[in-house]
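Engineer: Whatever this is, show me its structure:
(4 chains)
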Protein chains: 2
Amino acid sequence: MATIKDIAELANVSVSTVSKALNDSPEIGSQTSAKIKAIARELGYVPNSAAVALKRSATHHIGIIVPEISSEFFSKLVQAIETSASKRGFKSVLCFSKESFMTESQIIQNFCNGSVDGIIISMSKQTQQLRDYKHILSLMDHGIPVVMVDRTCDSIECEKVCINDFGASEHAVEHLIATGCKRPAFISTIPKTNVGKERKKGYRSAIQQKLYENNAKGLVLELNGYRNFEKELDSFIQQNAIDGILAANELAAIKAMNIIKKKGLQIPEDVSVIGFTDGQLSQHSSPSLTSISQNANTMGAIALKRLLLQITRDVPRPNNHIQTVVKHKLILRESTKAIH
Amino acid sequence: MATIKDIAELANVSVSTVSKALNDSPEIGSQTSAKIKAIARELGYVPNSAAVALKRSATHHIGIIVPEISSEFFSKLVQAIETSASKRGFKSVLCFSKESFMTESQIIQNFCNGSVDGIIISMSKQTQQLRDYKHILSLMDHGIPVVMVDRTCDSIECEKVCINDFGASEHAVEHLIATGCKRPAFISTIPKTNVGKERKKGYRSAIQQKLYENNAKGLVLELNGYRNFEKELDSFIQQNAIDGILAANELAAIKAMNIIKKKGLQIPEDVSVIGFTDGQLSQHSSPSLTSISQNANTMGAIALKRLLLQITRDVPRPNNHIQTVVKHKLILRESTKAIH
DNA sequence: CTGTTAGCGCGTTCAG
DNA sequence: CTGAACGCGCTAACAG
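Structural biologist: Residues are numbered from 1 along each chain as shown, chains lettered A, B, ... in the order given. Prediction:
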């Protein structure tokens, strides 16, 4: 690895001259500058990032912490963040919490060493369940800007980017009702997350407004994962004479559709289904799945933009409690009936 | 951000004493050491990564370059690499080439600044098409270890991790033939990649051995993307009386199934289908898709292990042309018939 | 226009 | 057992 020093020796000038020449300082004469640049190119010189980072106390790296990327929402989100980041000269350090509080804490502790200029995080299930945000606060105490995406929480004052999960859920349920569903249900395998909770609330709000006069809680099936999914869902559908399903996540919706088909019921005639996230699974299932799109790309781009705003202007924490709400979209496909 | 200097002042010792104490040097007395550590904890001290990197000329970061992560193979691969890396104290910098040679080159040029200790790459389509590997060679010239995964090439002498795509393809076609297919076809939307080519060769080899005596080229449909996919595939199936399909990638297989169903044909009775990659799409489609699993998790873990071997022992390039072949797996599901 | 010098934060000889 | 001093590679005063 050629250094500035090597160039200086070859060019018979001092290191500072080289530094200035390479940074196009007006102080340096054009022929000297040209000569230096030629030598630099010759040697394949690239400024050492650690040295620059040390000097500027800024790394041009951001940290991304997500639970995982096997669900398409997160993989899209990550890709959107990285794409925006690289456009602006920032590199992305990607970490997975695997839905574990401990792992998330360790990752964050690690990020306190100044290896990133800021962090975008979507919290783990366990963190949201424990409601323990010490690690995130500690990060902010270290002066590292944080933007929370999708899996956010109210009790921390930092920037947030999310959709209106409550409203999106209402929207979906209203559509089920409008297409003739009398007994729409809500199923979820993410009951412990803020988004899971909001989506459930939205479901209840919609059925209370549009379907029941009383304070009915509706038909809700919540599970932690997919262990007994088939058995539970099967009896749930049977016992409650379900004719519509809103699933809080894509995979649950897809699995539900397969179980419904297996029972010999028709989708959407007997049971209509709507999912969240709108990924490839939704597009390519049969019947294709009506979905709420969370616009992961937009969320990612905005999250990055907000983060860089905090990083570049060194206002430590002005109006930090800004929350950007990205519009959702209901994408109609074959798994729901048409409105007459 | 507390530094070693701050601690030194508070403890009334020199910075070097602090450094030694924090690194558990036997030179430092136990009570001094304890006191220093207490203060460090108090201040929330974390060693500055840029300074350490500069000192050690090693960042404990690796670079991961993949085309994208919307296909499940790459998202699994990335997750596997990161998981192994973090276990060993390495952070992962993730970049997307978006199948573009230019983007890939720029990313790599950027990585020559010493911001990573090594790189794992799966090349872009365009790079494989142009066969221009200057950027990768330049990386190696800079002394940065490189491991290529899945999308590899023969003409570079670096470590490689892949599956036997040729053999896997043969395996799949043999299964189609064994379950009664007389006219199995091969479809691909990745004709320009090495894996796409190998899979096609494997297909041809199998049909020549098992089906035709002569050197028939078989029934091959290659497209660059999904623009006219439906139209092309439709007439391809019609004209050639296809009764089996091996698709070189998961999405093509799924799309093919949907088109076949739309034509009113039965899967697997009229047309059997096998795909590559075995992701969630394969598991949850109806009928579920028989697939070749590339064991992305294994590939990722091995790639990282091999890379770290090169990084830690500073043998620059000993037996660098090692190629690790990971075993594939044929996962039988509903889209193929049973063997009688 | 160019060179000298200091210092970013840390680890590491080498003296004491 | 502890401290002073150097240098990793770079930028930015400050001199000349």
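Engineer: and residue A:181, what does it touch?
Structural biologist: The contact partners of residue A:181, taken as CB atoms under 8 Å, 6 or more residues apart in numbering or on different chains, are A:243-244, A:272. Quick note: C-beta positions are derived from backbone N, CA and C, even for glycine.
Engineer: quick one, helices of chain A?
Structural biologist: With DSSP state H, the ranges of helices along chain A come out as A:4-11, A:15-22, A:30-43, A:49-56, A:72-87, A:101-111, A:125-130, A:134-141, A:165-178, A:194-210, A:229-240, A:250-262, A:280-284, A:296-312.
Engineer: Name the surrounding residues that touch the second one.
Structural biologist: Just to be clear, that refers to helix A:15-22. A:4-5, A:7-8, A:11, A:27-28, A:32-33, A:36-37, A:40, A:45, A:47.
Engineer: Swap in 7 Å and give it another go.
Structural biologist: A:4-5, A:7-8, A:11, A:27-28, A:32-33, A:36-37, A:40 (CB atoms under 7 Å, 6 or more residues apart in numbering or on different chains).
Engineer: Give me every residue in chain A lying close to chain B.
Structural biologist: Counting by CB under 7 Å from any CB of the partner chain, the positions of chain A adjacent to chain B are A:1, A:46-51, A:53-54, A:59, A:68-70, A:75-76, A:78-79, A:82-83, A:86, A:91-96, A:112-115, A:142-143, A:254, A:258, A:261, A:280-281, A:284-286.
Engineer: Filter those residues to keep only those in contact with DNA strand C.
Structural biologist: Within the set of these, contact with DNA strand C (CB under 7 Å from any atom of the strand) is found for A:51, A:54.
Engineer: quick one on the thing from earlier: would CSV of the helices of chain A with distance to residue A:324 and mean neighbour count be doable?
Structural biologist: What follows is these, written out as CSV (distance: least, CB to CB, whole Å; neighbours: other CB atoms under 10 Å in any protein chain shown):
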stretch, distance to residue A:324, mean neighbour count
helix A:4-11, 42, 17
helix A:15-22, 39, 19
helix A:30-43, 42, 15
helix A:49-56, 29, 18
helix A:72-87, 14, 22
helix A:101-111, 22, 19
helix A:125-130, 20, 19
helix A:134-141, 18, 16
helix A:165-178, 14, 22
helix A:194-210, 15, 20
helix A:229-240, 34, 15
helix A:250-262, 23, 22
helix A:280-284, 25, 21
helix A:296-312, 5, 21
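Engineer: Dump these to JSON lines, plus distance to residue A:327 and mean pLDDT.
Structural biologist: Output for the helices of chain A, formatted as JSON lines (distance: least, CB to CB, whole Å; pLDDT from 0 to 100):
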{"stretch": "helix A:4-11", "distance to residue A:327": "49", "mean pLDDT": "90"}
{"stretch": "helix A:15-22", "distance to residue A:327": "45", "mean pLDDT": "92"}
{"stretch": "helix A:30-43", "distance to residue A:327": "48", "mean pLDDT": "90"}
{"stretch": "helix A:49-56", "distance to residue A:327": "37", "mean pLDDT": "94"}
{"stretch": "helix A:72-87", "distance to residue A:327": "15", "mean pLDDT": "97"}
{"stretch": "helix A:101-111", "distance to residue A:327": "29", "mean pLDDT": "95"}
{"stretch": "helix A:125-130", "distance to residue A:327": "24", "mean pLDDT": "94"}
{"stretch": "helix A:134-141", "distance to residue A:327": "27", "mean pLDDT": "91"}
{"stretch": "helix A:165-178", "distance to residue A:327": "9", "mean pLDDT": "96"}
{"stretch": "helix A:194-210", "distance to residue A:327": "15", "mean pLDDT": "94"}
{"stretch": "helix A:229-240", "distance to residue A:327": "31", "mean pLDDT": "94"}
{"stretch": "helix A:250-262", "distance to residue A:327": "19", "mean pLDDT": "96"}
{"stretch": "helix A:280-284", "distance to residue A:327": "18", "mean pLDDT": "95"}
{"stretch": "helix A:296-312", "distance to residue A:327": "8", "mean pLDDT": "95"}
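Engineer: Most neighbours out of the contacts of residue A:181, which is it?
Structural biologist: Neighbours here mean other CB atoms under 10 Å in any protein chain shown. Within these, the largest count is held by residue A:244, at 26 neighbours.
Engineer: I'd like the helices of chain A laid out as CSV, including distance to DNA strand D.
Structural biologist: Output for those, formatted as CSV (distance: least, CB to the nearest atom of the strand, whole Å):
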stretch, distance to DNA strand D
helix A:4-11, 3
helix A:15-22, 3
helix A:30-43, 10
helix A:49-56, 3
helix A:72-87, 20
helix A:101-111, 21
helix A:125-130, 37
helix A:134-141, 25
helix A:165-178, 45
helix A:194-210, 42
helix A:229-240, 55
helix A:250-262, 46
helix A:280-284, 44
helix A:296-312, 15
